[in-house]
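> My questions are about this predicted structure, shown below with the sequence.
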Amino acid sequence: MTYTITPADSSSSDAEELVALVEELQRTQREEDADGFLDLFDDDAVWVTGGGRRLIGKDVISAFTRQVLPGFAARGSVRYVVEHIRFLSPDLALTGVDQEALTRDGAPLSPRQEGRPSYLWLRTDGRWRIAAGQNTAVPMQA
C-alpha cells in the first residue's frame, strides 16, 4: 500500500496505526459490526454521511449507524485505501482515503461508485479515534 505522509518526518508507526484503523473501519462496514464501527469514534465526533447529513456526537452517529449498517453486506461491499496522511500535531491527523463501492463478491460496480472521505483522528489517552469525518462522493462518469 502506497500513501504519502506530511510532514515528511512524521512518525511511521503512527501512520501505520492510522492505516490499520482505516482498515478496521472497512472491516466493520463489510461485516456490519456496528459496535466495532462506533468504537472508532470520539464521543464528540462530527460525521457527515455520503448523503450529506451532518451527525453531531457519538449518540447521534450511533442511532444513524444502527439504522443503516444492518443489511449493508447484502447490498455489496466497500474498499478503503489510504492515499495521504497529514499530521497536524503529534495527536491530530487527517487521513485522505480512496473509497470504492463493490459487489458482494468484491468486484467494482459498473459504473464505478467512488468516494473521497477524509477522517480527522484525535489521539487521547494513547488511542486514535475519529473526531470528524467527511464523506464526499465522486461524480459518476457517463
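Everything's here; your move. This one's a predicted model, so the numbers in the text were calculated from it and none came from an experiment. Residues are numbered from 1 along each chain as shown.

> quick one: low-confidence parts of this protein?
The chain contains residues with pLDDT under 70 at 1, 141-142.

> For the top helix by length along the chain, which outside residues touch it?
In the chain, with assignment by DSSP state H, the single longest helix is helix 12-30. Residues outside helix 12-30 that contact it (Cβ atoms under 8 Å, 6 or more residues apart in numbering): 1, 3, 5, 33-34, 36-37, 40, 69, 72-73, 77-80, 82, 85, 87, 90, 93, 95, 97, 119, 121, 128. Every residue, glycine included, has its C-beta placed from N, CA and C.

> What of stretch 46-65?
Contacts of stretch 46-65 (Cβ under 8 Å, 6+ apart): 34, 37-38, 41-45, 115, 130-137.

> Alpha carbons only: can I get that stretch in CSV?
The C-alpha trace of stretch 46-65 is given here as CSV (Å, rounded to 0.1, in the frame of the first residue of the first chain):
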residue,chain,number,x,y,z
VAL,A,46,-18.9,15.1,13.9
TRP,A,47,-19.7,12.8,10.9
VAL,A,48,-21.0,13.9,7.5
THR,A,49,-22.6,11.0,5.7
GLY,A,50,-22.2,10.2,2.0
GLY,A,51,-25.7,11.7,1.6
GLY,A,52,-24.6,15.0,3.2
ARG,A,53,-26.3,14.5,6.5
ARG,A,54,-24.3,16.0,9.4
LEU,A,55,-24.3,13.9,12.6
ILE,A,56,-23.0,15.5,15.8
GLY,A,57,-22.0,13.4,18.8
LYS,A,58,-21.5,9.7,19.1
ASP,A,59,-25.0,9.1,20.3
VAL,A,60,-26.4,10.6,17.1
ILE,A,61,-23.8,8.7,15.0
SER,A,62,-24.8,5.5,16.8
ALA,A,63,-28.5,5.9,16.1
PHE,A,64,-27.8,6.5,12.4
THR,A,65,-25.3,3.7,12.1
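
> Thanks again, I'm all set now.
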